[in-house]
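>>> sequence first, then the predicted structure, then my questions.
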Amino acid sequence: MSPYHALMPLPKAELHLHIEGTLEPELAFELAARNGVALRYPDTEALRQAYRFADLQSFLNLYYELMAVLRTERDFEDLANAYLARAAAQGVRHAEIFFDPQAHIARGVSMGTVVEGLWRALEKSRQNHGVSTRLILCFLRDESADSALTTLEAARPHLDRITGIGLDSAEAGHPPAKFREVYRAAADLGLHRVAHAGEEGPPAYITEALDVLGVERIDHGLRCAEDPALVERLVRDRVPLTLCPLSNVRLRAVDSLADHPLPALLDAGLMCTVNSDDPAYFGGYAGDNFDAVRDTLGLGEDRLRELARNSFLASFLEDDEELRAA
Ligand code: HPA
Ligand code: ZN
């Protein structure tokens, strides 16, 4: 950790963070014991050894497996509090938090348990951690469009807790247009809309997410770099990208961090933000991602400040609140 980082982490917003991806091995074992759930790893060290991924799917397999330990409202509250404490220590002042209700409902854990459990931590987050929060319900794109619609229906009693919707899980072969109807329904409910696109999927999925789903931000969006006309459009329309550099390395979306297109995307004028995605699995929280791009990609202080400023500008905070947080 650099002296600069240790003394004064840059205040930032985190806009791409899966709460289930913040489940550290120690907490996974604690919750497994609390809930009588058996894990197929003898200890935390053995579990950590499994954190070597060939691609997105190999990560998702473990991510869904470990969720088995999350059973009660208290589990979700503890998970969120552990994330918020770590994020706050790295300068996060605002967090827009994804969650994957379908993965829990399929295990017999209700929408209410998930949302109200997370909310117990979120409603006290400003007070306890100095972090404002929003919740974004993600649909699993490898599940059906009907399942997404049923999930939105199940969320209706909890919409006062939910700011927006997103789209995640296995991308290739699951184009955004599959979810046209549920995004329209969410827009009619006044929800914000984002979607993962261009992580493993082609640049055309980014275009489709904008044109068909009406998204306000693109999660990842890394592969836009392959299509100059698309980059031009994203610059012109100030469409934020929520990039996750350490995730891209661990899931092999890039060969190494030194090959990450972030500097080129910033130079092109894109509104980039830097986020942690699934920090327990990918080797770092938001501040660690900032440190990594500073150290490996040589981003100077101006660029780091630009990234931090973008994170607030691209957030779903209201204007006055945003200024206070920034
Ligand atoms: N990509 C897609 N789906 C996900 C991810 C990701 O990085 N993390 C959790 N779900
Ligand atoms: Zn993600």
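Cool, got the structure. Numbers count the residues shown, from 1 in each chain. Ligands and ions are numbered 1, 2, ... in the order given.

>>> in what helix or strand does Y83 lie?
Assigned by DSSP states H and E, Y83 falls within helix 73-89.

>>> give the buried residues for that helix.
73, 75-84, 86-88 (16 or more other Cβ atoms under 10 Å). Quick note: C-beta positions are derived from backbone N, CA and C, even for glycine.

>>> off-centre distance for it?
Relative to its parent chain, helix 73-89 has a centroid offset of 15 Å by Cα atoms, centre = their mean, to the nearest Å.

>>> list the contacts for whichever residue of the stretch 1-150 of the chain sits closest to ligand 1?
Using Cβ to the nearest ligand atom, H18 is the residue of the stretch 1-150 of the chain that sits closest to ligand 1, at 4.2 Å. Contact partners of H18, counting by Cβ atoms under 8 Å, 6 or more residues apart in numbering, are 63, 98-100, 138, 168, 277-278.

>>> measure N275 to V92 for me?
N275 sits 10 Å away from V92, going by Cβ to Cβ, to the nearest Å.

>>> and for those two, which residues touch both?
Applying Cβ under 8 Å, 6+ apart, one finds that N275 and V92 are jointly contacted by 14, 286.

>>> can you list the residues of the stretch 101-250 of the chain near ligand 1?
Selection of the stretch 101-250 of the chain residues close to ligand 1 by Cβ under 6 Å from any ligand atom yields 168-169, 196, 199, 247.

>>> need the max-distance pair from these.
Distance extremes for these: the farthest pair is S169 and S247 at 14.1 Å, using Cβ to Cβ.

>>> more crowded one of the two?
Summary of the neighbour comparison: S169 and S247, criterion other Cβ atoms under 10 Å, with S247 having more neighbours (29 against 20).

>>> host element of the more buried one?
Assessed by DSSP H and E, S247 sits inside helix 245-250.

>>> what's in contact with that helix?
Among residues not part of helix 245-250, those counted as contacts by Cβ under 8 Å, 6+ apart are 51, 53, 59, 199, 220, 222, 253-254, 256-257, 260, 262, 274, 276-278, 281-284, 288-289, 292-293, 297.

>>> can you name the next helix or strand after that helix?
With elements assigned by DSSP H and E, the helix or strand that comes after helix 245-250 is helix 262-267.

>>> packing partners for that next one?
Packing partners of helix 262-267 (3 or more Cβ pairs under 8 Å, 6 or more residues apart in numbering; DSSP states H and E): strand 241-243, strand 272-274, helix 286-297, helix 301-313.

>>> switch the cut-off to 6 Å
Under the contact criterion of 3 or more Cβ pairs under 6 Å, 6 or more residues apart in numbering; DSSP states H and E, helix 262-267 touches helix 286-297.

>>> could you give the bridge partners of E96?
Taking DSSP bridges as the rule, E96 bridges to R134.

>>> isn't it up against L15?
Yes. Shown here, E96 and L15 form a contact pair, counting by Cβ atoms under 6 Å, at 5.0 Å.

>>> low-scoring stretches of the protein, by residue?
In the prediction, the chain carries residues with pLDDT under 70 at positions 1-7, 320-326.

>>> and the strands in it, which stretches?
Listed in chain order, the strands of the chain (DSSP state E) span residues 12-18, 92-99, 132-140, 164-168, 192-197, 217-220, 241-243, 272-274.

>>> what is the burial count for F29?
Look at F29: counted by other Cβ under 10 Å, it has 17 neighbours.

>>> the one 10 residues further on now?
If you count neighbours by other Cβ under 10 Å, L39 ends up with 19.

>>> spatially nearest residue to it, not counting backbone neighbours?
Here the nearest residue to L39 in space, its sequence neighbours aside, is A32; by Cβ to Cβ, 6 or more residues apart in numbering that works out to 5.1 Å.

>>> and for the one you found, the neighbour number?
Counted with other Cβ under 10 Å, A32 comes out at 17.

>>> buried ones in stretch 51-68?
For stretch 51-68, burial by neighbour count (16+ other Cβ under 10 Å) applies to 53, 56, 59-60, 63-64, 66-68.

>>> now, which of these lie close to ligand 1?
When contact is defined as Cβ under 6 Å from any ligand atom, those meet ligand 1 at 56, 63.

>>> can you redo the buried residues of stretch 51-68 as TSV with distance to V109?
Shown next, in TSV, are the buried residues of stretch 51-68 (distance: Cβ to Cβ, whole Å):
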residue	distance to V109
F53	25
L56	24
F59	21
L60	18
Y63	15
Y64	13
L66	14
M67	9
A68	10
